[in-house]
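In: I'd like to go over a predicted model; first the sequence, then the structure.
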Amino acid sequence: MVNRPLLKAWLWSGLVWLTIIPIVGLLLSIKFHNPEFLGSLPGWTFGRLRPVHVNGVIFGSFTTTFLGLLYYYVPRLCGVRMYKEEWGWWLLWLWNGFIFIGSISFMMGYNSGLEAAEYEWPLNILRFVVLGLVGVQVVGTIFQRKERRFYVAMWYTVAALIWTLMNLILGGAVLKYAEQVNGVNSAALHGLYIHYVVGLWLTPAGLAIIYYFLPTSTKNPLYSHRLSLLGFWTLAFFYPFVGIHHYMYSPIPHWNQVIAVVTSMALIIPVWAVIVNWFGTVSGRWGPVLGGLDSDSYAAKFLLLGAVYYLLGCFQGSTEALFRLQQLTHFNDFVIAHSHLTVFGAMVNWAIGGLYYVWPRVTERKLWSSRLASWHLWLTIAGFTVMALGLTAQGFIQGSMLEYGANFVDTIKEMKPWWVTRTLAGATMDVGLLLLLIECYQTARQGELFQEEGSSSAGSKDEAIRSVPKQGWLENPPTVALVAGFGFFMLAVLVQGIIPFLSPGTRVTTVEDVVTKKQIHVADYTPLELRGRHVYIREGCWYCHSQYVRPVTGESQRWGPVSQTGEYAYDHPHLFSTRRIGPDLTRVGRKYGDDWHIAHHWKPREIVPDTIMPSFPWLFEPVKGQALPQLNEDGKALVAYIQRLGTSIGDWREGFASTRVTTGLALNPSPETRDELLALGKAVYDRRCIGCHGAKGDGNGPSAVWLDPRPRDFTRGIFKFRSTAGKDSLPTDADLFLTVTHGLWGTAMPSWQEISEHERLAVIQYVKTFSGRWQKEEIGQPIAITPEPPVTAASIENGKTSFHGKAICVMCHGAEGRGDGLLAAGLQDVWGHPVRPANFTLPAGAHGGVKLGHDGEHLLKTIMTGVGGTAMPPFQGQLTAAEVWDVVHYVQSLRVDAHVSELLAAGLSPTEENESRERIWASLSQAAGQGKIEKQVVQAATGSAMVLVEAGKR
Amino acid sequence: MAEEREKASQEEEYLYRSAGIRERHGRIPLWLQLVVVVLLVWSLYYMLEFWNAG
């Protein structure tokens, strides 16, 4: 009834993919703890190999084996040979071609940016054609069947093919080519798509396998037809709705997320139903199954092992959709534990179980070695159990660390020993799979002759069949195909994809400006940014970096403001991502200078020793006359795209890391306390500072050559920002604490607010050991800060006068405070490096802007004490406190005007301009925040902002 | 009488001759029926409670 040569060829292919693809997973796993593994070849980075592994397991290892098994069980369940059986040979070659070429295409950088739908269109068509023709063969066989009853394995087979063919249209056409489906709608539909691959392809195909091969291999009747019905129909109804649980707490409408939670939990029903059914089927046969040494026994063992993992993995999957558990476990290895438990633990093991059953029947040889099969089984159990438990534990550990407020890279460091364990566990499993390959090869070559003993679960031919119940409408092929296959799928896509798409709230191109709380428009990507986005997709950056900030677990304190719908208006496809092996990048724009990104892409571990990011030397090119390679066009575009991220919601970074920080009495510790801190300080320095500032603290770390401005040389004990009087005076611990905590905008010095205060204090003590000044000189007292006077038009005008006159600020900072004064071009610091005067009009983090913000007290201190090591002198004694406050107000007004003009250019309603101006002032000035601001200040400058807008347009 | 009919129904079997699979009509355990009811009630409660909670 079956075509043995065809079946054998399909199963050989399945065996090859079952061996190769998990090895790719092993290579990827090694990269987690040894990121330099496999060097810096473009095709072998994590971002390019990951889709090879994921798609390879789904479509190579599992599906190839499944299709081979399908050619076995469909004819037997229908009582006729496969319809158009000869097509199977063509389909075999086309399918293997699809997997092979697809894998190579990923390594070459062809990637559409949609997880589990990464293939480019020719491969999508090929996959669709093969599965479509298999569908035709299955349907044709059903039409010709002689078996009048339609077995549960056939329900799942028919439904899986219908669901998947529709899903391939969703992922391969709608998500890719419908430009209107972008942003959160792209994410919502993609969430459905991803889970349809798992839940409506792998799951039903796997269930078809175990439903066929468990009764046949255990030689027992299927326990309960009623449970089969319950399991199938509840899965068919609930599963199509769950996919949005991949993007919980994102801007996807909340009610869609609630439906995803409820239906995910409801999946407990079909899972428990099928588990009871399978274990009931084995009832009374446990001894022969577990103690058996023939191929059928090993088939049953793998099927039951898969059932156990299925139960665990699905319970994990259902509960992790719950909002609270999602907060802790999403984006981390808990999800990877779940996906491995279900895909490898259940589906792949079921396919292997089917293989153990079928292989002797197609080769007509008995299993070559039961000892080898036993080793395969126990290596799988040992390796996989360690992997699944380890990854689950990792998820809780990393999730808890992040929820507690740990630095992201610290959590990565914590994971490394666990990842080593994962590699060892994976290697154990891979050895098991290699043994399977050897077993099958030797069975085909040297196994003893095998003879089928007759209908396995039918028992003795003499046994009477007690009755033949009538087939109900729920199990008829048309009901299965039309209601479960088409109907429920379309219903779910309508509710979870189309209705939210039709809702105007998901297609807005406006966002709320974080500072003024007013609506502004989001600009489309520039051609350069768009090119950078393509590079980001090509290199698979999105496999490790998510792009949405959730309103939970302190993410808004860690990354920046919570994501808004409108921010994603031009994202096609969306890049929300499902994993955070690296930090979320939603708000990374302007967090670092371009120079930091360049150094980071060249040799990441030189600047962040604990990172596991690959280096990207192919984004650089040598330039004549330059000692260092420079970014090529792709590299420049990528940095432009990264710097754009998160900047559409206004100048939020200005108030994100406050300059008004204090650590109270812990500062300026006693000598005893200071000594205790030194050891910790060195450890902190070696992990976080050494890449730029160097082991000797001389600013010559391995990354320093890339950075402009150069990292601070601590050996001279000269620091930019201080509260102590006098030129280049030593700063207080509080001053250094502020710089370390806040970071210096527009440079490679990031904010370290994520590490503990204790660590920050400790590293300050260590930094002070690099210069003898700390031993020789007394640290002065901080200058007195007089209370800020009200912000008035007169104060600003007086400040302007001083700025242009007595204080001679204009000479360096320029007439409009843009850092372009007459002397600006030739300025150098005490090390001879060029220095650029600050451009006061730029937003926070922009290159060339202020480094510590426009906060009034900070500006006052900087004017009074100067900027250490530069031409900016201390003005204490030259200007009175009142005069300095006037200059501060003038400088702030420059930024307020620029900020308002940016908002007007972004579509701020002119009627909201004054209110917006007032709020911006309140965010920069304590006096304005207390309402001490003259109405005239808010109103009078309207014209100047409009002039700036017009100037910008010109 | 009804119990006997139900028991007889559970014991009914079908043989898929060419596949060699026997299938019992079987039953759904009471505890699993309770799980189904509880989950459906919980689902209803959850949707009503959290529909607009975002």
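Out: On my side now, so go ahead.
In: Per-residue pLDDT of the spatially closest residue to A:Val24 that is not a sequence neighbour, please?
Out: Nearest non-adjacent residue to A:Val24, counting by C-beta to C-beta, 6 or more residues apart in numbering or on different chains: A:His53, 4.5 Å away. C-beta coordinates here come from the backbone N, C-alpha and C atoms, glycine included. The model reports A:His53 with a pLDDT of 98.
In: so how far is A:Ile785 from A:His53?
Out: As judged by C-beta to C-beta, to the nearest Å, A:His53 and A:Ile785 stand 58 Å apart.
In: swap in A:Ser723?
Out: Applying C-beta to C-beta, the value for A:Ser723 to A:Ile785 is 8 Å.
In: list residues touching both of the two?
Out: A:Lys861 (C-beta atoms under 8 Å, 6 or more residues apart in numbering or on different chains).
In: These two: who's more crowded?
Out: Each of A:Ser723 and A:Ile785 has its neighbours counted (other C-beta atoms under 10 Å in any protein chain shown); A:Ser723 has more, 23 against 14.
In: So what would you say the end-to-end distance of stretch A:554-569 is?
Out: End-to-end distance of stretch A:554-569 (C-alpha to C-alpha, to the nearest Å): 25 Å.
In: now the longest helix seen in chain A, how far from the centre of its chain.
Out: The single longest helix within chain A, with elements called by DSSP state H, is helix A:408-446. The chain centre lies 24 Å from the centre of helix A:408-446; the measure is C-alpha atoms, centre = their mean, to the nearest Å.
In: go on, stretch A:655-664?
Out: On C-alpha atoms, centre = their mean, the centre of stretch A:655-664 falls 30 Å from that of its chain.
In: If we go by neighbour counts, what in that stretch is buried?
Out: Judged by neighbour count using 16 or more other C-beta atoms under 10 Å in any protein chain shown, the buried positions of stretch A:655-664 are A:Gly655, A:Phe656, A:Ala657, A:Thr659, A:Thr663.
In: The second one contacts A:Gly560, doesn't it?
Out: Yes. Proximity of A:Phe656 to A:Gly560 meets the contact threshold set by C-beta atoms under 8 Å, at 6.1 Å.
In: and the stretch 101-250 of chain A, which residues reach chain B?
Out: Within reach of chain B by C-beta under 8 Å from any C-beta of the partner chain, the stretch 101-250 of chain A has these residues: A:146-147, A:149, A:151-152, A:212, A:215-216, A:220-228, A:230, A:234.
In: In PyMOL, select just the buried ones from those residues.
Out: This is the PyMOL syntax for the buried subset of these, where burial follows 16+ other C-beta under 10 Å:
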select buried, chain A and resi 147+149+151+152+212+215+216+220+221+222+223+224+225+226+227+228+230+234
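In: What segments of the stretch 551-700 of chain A are strands?
Out: For the stretch 551-700 of chain A, strands defined by DSSP state E, counting those that start in this stretch occupy the ranges A:620-621, A:630-631.
In: To A:Phe59, which of the ones you listed lies closest?
Out: Nearest of those to A:Phe59, taken as C-beta to C-beta: strand A:620-621 at 34.7 Å.
In: Please work out which residues outside the closest one touch it.
Out: By C-beta under 8 Å, 6+ apart, strand A:620-621 touches A:His601, A:Trp602, A:Pro629, A:Gln630, A:Leu631, A:Asn632, A:Gly635.
In: Now do it, average pLDDT.
Out: Strand A:620-621 comes out at a mean pLDDT of 96.
In: Each with direction, which strands does it pair with?
Out: If you go by DSSP bridges, strand A:620-621 pairs up with strand A:630-631 (antiparallel).
In: Report the mean per-residue pLDDT for the strand it pairs with.
Out: Mean predicted confidence for strand A:630-631 is 96.
In: Below-threshold pLDDT in chain B: ranges please.
Out: B:1, B:54 (pLDDT under 70).
In: Name the residues of it found near chain A, please.
Out: B:9-29, B:32, B:35-36, B:39-40, B:42-43, B:46-47, B:50-54.
In: Out of the residues you listed, which end up buried?
Out: Here, 16+ other C-beta under 10 Å leaves B:12-16, B:18-28, B:32, B:36, B:39, B:43, B:46, B:50 buried among the residues of chain B next to chain A.
In: quick revisit: the contacts of strand A:620-621, buried ones only, as a ChimeraX selection?
Out: A single ChimeraX command selects the buried members of the contacts of strand A:620-621 (16+ other C-beta under 10 Å):
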select /A:601,602,631,635
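In: quick one: which of the contacts of strand A:620-621 is nearest to chain B?
Out: Nearest to chain B out of the contacts of strand A:620-621 is A:His601 (C-beta to the nearest C-beta; 37.0 Å).
In: Contacts only, for the closest one.
Out: A:Ser615, A:Phe616, A:Leu619, A:Phe620, A:Leu631, A:Gly635, A:Leu638, A:Val639.
In: neighbours around A:Leu41, how many?
Out: Using other C-beta under 10 Å, A:Leu41 has 12 neighbouring residues.
In: Need the per-residue pLDDT for it.
Out: A:Leu41 is assigned 89 on the pLDDT scale.
In: Please name the residues that touch A:Leu842.
Out: Contacts for A:Leu842 were tallied using C-beta under 8 Å, 6+ apart; they are A:Gly848, A:Gly849, A:Val850, A:Arg895, A:Ala898.
In: Within the helices and strands, which one has A:Ile397?
Out: When elements are assigned from DSSP states H and E, A:Ile397 belongs to helix A:370-404.
In: what angle separates that helix from helix A:408-446?
Out: Angle, helix A:370-404 to helix A:408-446, by axes from the mean of the first three to the mean of the last three C-alpha atoms, to 10 degrees: 170 degrees.
In: The closest residue to A:Val261 other than its chain neighbours: how many residues sit nearby?
Out: The shortest distance from A:Val261 to any non-neighbouring residue, by C-beta to C-beta, 6+ apart, is to A:Ala321 (5.0 Å). A count of nearby residues for A:Ala321, using other C-beta under 10 Å, gives 23.
In: Report the contact partners of A:Ala321.
Out: Counting by C-beta under 8 Å, 6+ apart, A:Ala321 touches A:Val242, A:His245, A:Met248, A:Ala260, A:Val261, A:Ser264, A:Met265.
In: now the helices: where do they sit in chain B?
Out: B:2-11, B:30-50.
In: Point out the one among these that comes closest to A:Arg919.
Out: helix B:30-50 (33.0 Å).
In: Please verify my assumption that A:Leu192 contacts A:Leu491.
Out: No. Counting by C-beta under 8 Å, A:Leu192 sits too far from A:Leu491 to count as a contact (11.9 Å).
In: Which one of those two is surrounded by more residues?
Out: Using other C-beta under 10 Å as the criterion, A:Leu192 and A:Leu491 rank with A:Leu192 on top: 28 against 13.
In: if I've got this straight, the more buried one is in a strand?
Out: No. Secondary structure assignment places A:Leu192 outside any strand; it is helix (DSSP: H, G, I helix; E, B strand; the rest coil).
In: Find the pair from the contacts of A:Ala321 with maximum spatial separation.
Out: Across the contacts of A:Ala321 (C-beta to C-beta), the longest gap, 13.3 Å, separates A:Met248 and A:Met265.
In: the more surrounded of those two?
Out: Neighbour totals were compared for A:Met248 and A:Met265, and A:Met248 leads with 24 against 19 (other C-beta under 10 Å).
In: For A:Gly243, what are phi and psi?
Out: phi -50, psi -30 (degrees, to the nearest 10).
In: Report how many residues lie close to it.
Out: Residues near A:Gly243, counting by other C-beta under 10 Å, number 29.
In: just A:Lys776 next, same as before
Out: Neighbours of A:Lys776 (other C-beta under 10 Å): 9.
In: That one and A:Ala905, how far apart?
Out: In terms of C-beta to C-beta, A:Lys776 sits 53 Å off from A:Ala905.
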